[in-house]
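Chemist: got a sequence here, can you model it:
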Amino acid sequence: QRRADFEQQLIGIVSHDLRNPLSAILLGTTALARRPGLDDPSLKALLRIRSSAERATRMIRDLLDFTQARLGGGIPIQRRGVDLHLITRAVLDEVEATHPGREVVPRLTGDAGGDWDADRIAQVVQNLLTNALKYGTPGEVVDVFTEGRGDHVALGVHNAGEPIPSERQASIFQPMQRGVEGVDKAGRSVGLGLFIVRAIVEAHGGTIELTSRAGEGTTFQTVLPRGA
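Modeler: Okay, the predicted model is just below:
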């Protein structure tokens, strides 16, 4: 247990210290990319560097959240009045820009206001949506819904495709677990997305459920209480 605690603390320390040089890379490449007179090869190289730094930053954020959830007793949140419809719309715009050609259909109904951490809830939406686009059938629509339900608001993300095997469903929210075999070499994921999603949802007093069946696709549904 002491060794495990030390390893997680080490991950947290290294991840935290890596943010500064990565931020410098992002700022530098963004500034250089805006300079006039760059030839196409140079601009493409800069954009590749920036994209790689952004991906590394996302990995580090996941690792920091993981150590916070494991060693810090949960992910801290800062509540304020927000609208889940607006959060979802903003995330959809960002994700669709990075997945051209994929269709995401939103269905936003009812009053979706509540006291939540807007950045963390956006992280939940983004992780679930990115997961659906990654593992869903290419070319098929991904459905996203947010719905006000009395004292709660529901968020759901559905994708078509092969179901998650039943033997994997029980552990899908554990760290380093995926719904498919093998390592995610294409997405360069560290396998913490769904673990962090559940930690954020539980920090808000909510629940998340998975439904995945042959012929019906896969749905992750979150229910959040409007208040603390």
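
Chemist: what is the burial count for the closest residue to residue 96 other than its chain neighbours?
Modeler: Closest residue to residue 96 apart from its sequence neighbours, by Cβ to Cβ, 6 or more residues apart in numbering: residue 104 at 5.9 Å. The C-beta positions use only the backbone N, C-alpha and C, and glycine is treated the same way. The burial count assigned to residue 104 is 19, neighbours taken as other Cβ atoms under 10 Å.

Chemist: residue 105 pairs with what?
Modeler: residue 143 (DSSP bridges).

Chemist: and the gap between the residue nearest the centre of the chain and residue 62?
Modeler: Against the mean C-alpha coordinate of the chain, by Cα atoms, centre = their mean, the closest residue is residue 127 at 2.0 Å. Residue 127 sits at a distance of 9 Å from residue 62 (criterion: Cβ to Cβ, to the nearest Å).

Chemist: what helix or strand is the residue nearest to the centre of the chain located in?
Modeler: helix 118-135 (DSSP states H and E).

Chemist: kindly report the same for residue 91.
Modeler: Assigning secondary structure by DSSP H and E places residue 91 in helix 84-98.

Chemist: pLDDT averaged over that helix - what is it?
Modeler: Helix 84-98 comes out with an average pLDDT of 89.

Chemist: got it, and stretch 24-32?
Modeler: The pLDDT scores in stretch 24-32 average 88.

Chemist: quick one: distance of that stretch to the chain centre.
Modeler: 24 Å (Cα atoms, centre = their mean, to the nearest Å).

Chemist: renumber starting at 748 from here on
Modeler: With 748 as the first residue, the last one maps to stretch 771-779.

Chemist: give me the buried positions along that stretch.
Modeler: 772, 773, 776 (16 or more other Cβ atoms under 10 Å).

Chemist: likewise for stretch 876-893?
Modeler: 876-883, 889-893.

Chemist: so the residue of the chain most remote from its centre, which of the three states?
Modeler: Most distant residue from the mean C-alpha position of the chain: residue 784, 36.3 Å away (Cα atoms, centre = their mean). Look at residue 784: counting by DSSP: H, G, I helix; E, B strand; the rest coil, its state is coil.
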